Structure formats: structure tokens, C-alpha cells
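Asks: Okay, predicted coordinates and the sequence, questions at the end:
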Amino acid sequence: MRSDRSSLLLKLSAIGGLIFLHWPLAIIVVYAFTTEDKSYQFPPPGLTLRWFAVAWGRSDIWAALSLSFNVALVATGLALVLGTLAAAALSRARFWGRDNVSLLLILPIALPGIITGIALRSAFNLMDIPFSVFTIVLGHATFCIVVVYNNAVARFRRLSPSLVEASFDLGADAFQTFRYVVLPNIGTALLAGGMLAFALSFDEVIVTTFTAGQQTTLPIWMLNELVRPRERPVTNVVAVLVMVVTFFPILAAYWLTREGEHVAGGSR
């Protein structure tokens with residue numbers, strides 16, 4: 001009897017936690033369809049698709065969306081290369097201070113984003129690097145590398161060294177070994193890490209406070225609209241777009257990670 005009550009309490013707690021986390025998101029979705037453009041009323045006086053058409057026709061939204069997408073794409077590509085190399089080195093090599101190096105790699109995602117943003121801004125000023133799309137990419141890559149590294153290093157540690165050794169013994173060179181042995185074993189982990197990195201970069205706001213001239217990324221555009229709103233529901237429409245764009249890569253990364261774990265577990 002006590003076990004049934006405990007199970008019911010855990011289920012109710014889980015449901016309550018999910019409601020607490022997702023209720024604000026549901027409110028944003030609802031007010032993206034409201035007919036009222038000046039203030040928020042609950043329940044909304046009516047529902048309409050008008051604001052989606054308005055958002056579609058706003059050039060400033062498309063400019064911010066394009067910049068955010070391009071930055072996320074380049075930052076993800078950079079993170080895939082550097083994060084995979086770091087994971088390969090730290091998962092196989094044994095040297096003094098390896099754990100410290102691993103901690104330094106993971107540290108950027110543990111720090112508050114405002115700290116990372118201030119540190120990068122100061123560093124760019126000291127090196128006389130002008131703020132541009134390049135600096136935004138570097139800022140986003142600092143935490144994207146961590147996401148890729150975490151996924152890749154876990155898969156590298158499950159990859160048997162004997163597979164690589166056997167490949168070399170059979171006459172394969174380093175590139176062939178990576179292509180035919182290593183990559184098939186870590187491919188899903190890299191894809192999952194890349195999707196997570198893209199999703200995090202696309203909606204990241206703190207480290208994009210140094211904008212590229214007059215260009216702003218989508219989160220910065222949303223903050224500006226909240227301070228000086230022109231059409232409040234349009235901001236909600238853009239927020240819904242950000243949620244949709246980031247939801248599917250995260251969901252795909254979850255399923256890819258699960259599939260990779262099942263495959264690794266079956267191989268053992």
C-alpha cells in the first residue's frame with residue numbers, strides 16, 4: 001500500500017514539475033494567436049493567425065533569423081571539429097593533468113553566460129578585434145564545443161581500442177581507419193552533439209551582446225522588442241518559432257543518443 005502511494009506521489013510530482021516548466025511556454029503560444037495587440041488579457045478576447053502573416057512580412061525579423069541561423073551553423077561546424085579532436089585526445093591519451101584539461105573544456109557551459117560574454121568582450125578589446133559575426137561565432141563556439149565534447153568523449157570511451165589496432169594491422173591508414181572504423185561508431189554521438197549545439201547557439205542571447213554592427217541575432221531582436229514593443233504578439237510569434245526550431249534538434253539528439261547507447265550495449 002505504501003509503495004502504491006509513493007508511486008502515485010512521484011507521478012503527481014513529475015506531472016507538477018512538467019506543468020511548472022512548460023506553463024509559461026504554453027502562455028507564449030496562446031498569445032501568439034491573440035487578437036489583442038496592446039495588452040495581455042486572459043483568456044484572450046479572440047484567436048487569429050494575423051500576427052504570423054505580419055511576422056512573415058517583417059524584414060528585420062528575417063535579417064535577425066538569417067544571422068542567428070548562420071552563426072549557429074558555423075559555430076556548430078567549428079564545435080564538431082574541435083570538440084571531436086579534444087574528445088579523441090583525452091579519451092585515449094594518458095598524461096599528467098588530463099582531468100584538469102577536461103575540466104577546463106567543460107567549464108564554459110557551467111559558467112553563467114554573462115561571465116563568458118564579459119570575458120570574451122574584454123579579450124576582444126585587448127586584442128583589438130572588432131565586433132562582428134566572427135566574434136559572435138567564437139562566443140557561441142565556447143559552449144558548443146562543450147556539448148560536442150561531452151557526447152563524443154562518452155562514445156570514444158566505449159569504442160574498443162582493439163578495433164583501431166586491427167584496422168592498422170590490416171593495412172589501413174589513419175584516414176581509412178577514421179572513416180570506416182571510428183566514424184561509424186561515433187557518428188550518432190557527433191550528430192546528436194551537433195544538433196544540441198545548433199539548438200543552443202540558435203537561441204543563445206548572453207554572448208551575442210556584442211553585435212555585428214547594426215545586425216542583431218534573433219534573441220537580441222526579441223529583447224529589443226520587449227523593451228520598445230511595436231506589435232507585442234509578433235514577439236510571441238518569433239518566440240514560438242525559436243521554440244519549434246530548437247525543439248526538433250533536441251528531440252532528434254535524444255533519440256540518436258538512445259539509439260547509440262542501445263547499439264553500444266548490444267555490441268558488448
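Replies: Sure, I can see it. These figures come from a predicted structure and were not determined experimentally.

Asks: Name the next helix or strand following the helix or strand containing Gly194 along the chain.
Replies: Assigned by DSSP states H and E, Gly194 belongs to helix 183-202. Past helix 183-202, further along toward the C-terminus, the next helix or strand under DSSP H and E is helix 218-227.

Asks: Can you tell me which helices and strands that following helix packs against?
Replies: Counting contacts by 3 or more Cβ pairs under 8 Å, 6 or more residues apart in numbering; DSSP states H and E, the secondary-structure elements packed against helix 218-227 are helix 59-92, helix 232-267. C-betas here are computed from N, CA, C, even on glycine.

Asks: tilt between it and helix 183-202?
Replies: For the pair helix 218-227 and helix 183-202, the angle between their directions (axes from the mean of the first three to the mean of the last three Cα atoms, to 10 degrees) equals 20 degrees.

Asks: buried set for helix 218-227?
Replies: Neighbour-count burial for helix 218-227, counted by 16 or more other Cβ atoms under 10 Å, picks out 218-222, 225.

Asks: repeat for stretch 85-97
Replies: Neighbour counts over stretch 85-97 (16+ other Cβ under 10 Å) mark 86-88, 90-91 as buried.

Asks: Repeat that for stretch 239-246.
Replies: Buried residues in stretch 239-246, defined by neighbour count with 16+ other Cβ under 10 Å: 239-242, 245-246.

Asks: from the residues you listed, which is closest to Ile106?
Replies: For Ile106, the nearest member of the buried residues of stretch 239-246 is Thr246. The distance, counting by Cβ to Cβ, is 21.6 Å.

Asks: Thought Val234 was touching Ala55, still the case?
Replies: Yes. With contact taken as Cβ atoms under 8 Å, Ala55 and Val234 are classed as touching, separated by 5.0 Å.

Asks: overlap in contacts of those two?
Replies: Jointly contacting Ala55 and Val234 under the rule Cβ atoms under 8 Å, 6 or more residues apart in numbering are Ile61.

Asks: quick one: buried residues of stretch 150-160?
Replies: Neighbour-count burial for stretch 150-160 [16+ other Cβ under 10 Å]: 150-156, 158-159.

Asks: can those residues go into CSV with extra columns for secondary structure, distance to Arg179 and pLDDT?
Replies: Supplementary listing: the buried residues of stretch 150-160 in CSV, determined by DSSP: H, G, I helix; E, B strand; the rest coil; distance: Cβ to Cβ, whole Å; pLDDT from 0 to 100:
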residue, secondary structure, distance to Arg179, pLDDT
Asn150, helix, 24, 87
Asn151, helix, 19, 85
Ala152, helix, 16, 86
Val153, helix, 20, 87
Ala154, helix, 21, 83
Arg155, helix, 16, 84
Phe156, helix, 16, 85
Arg158, helix, 19, 82
Leu159, coil, 14, 80
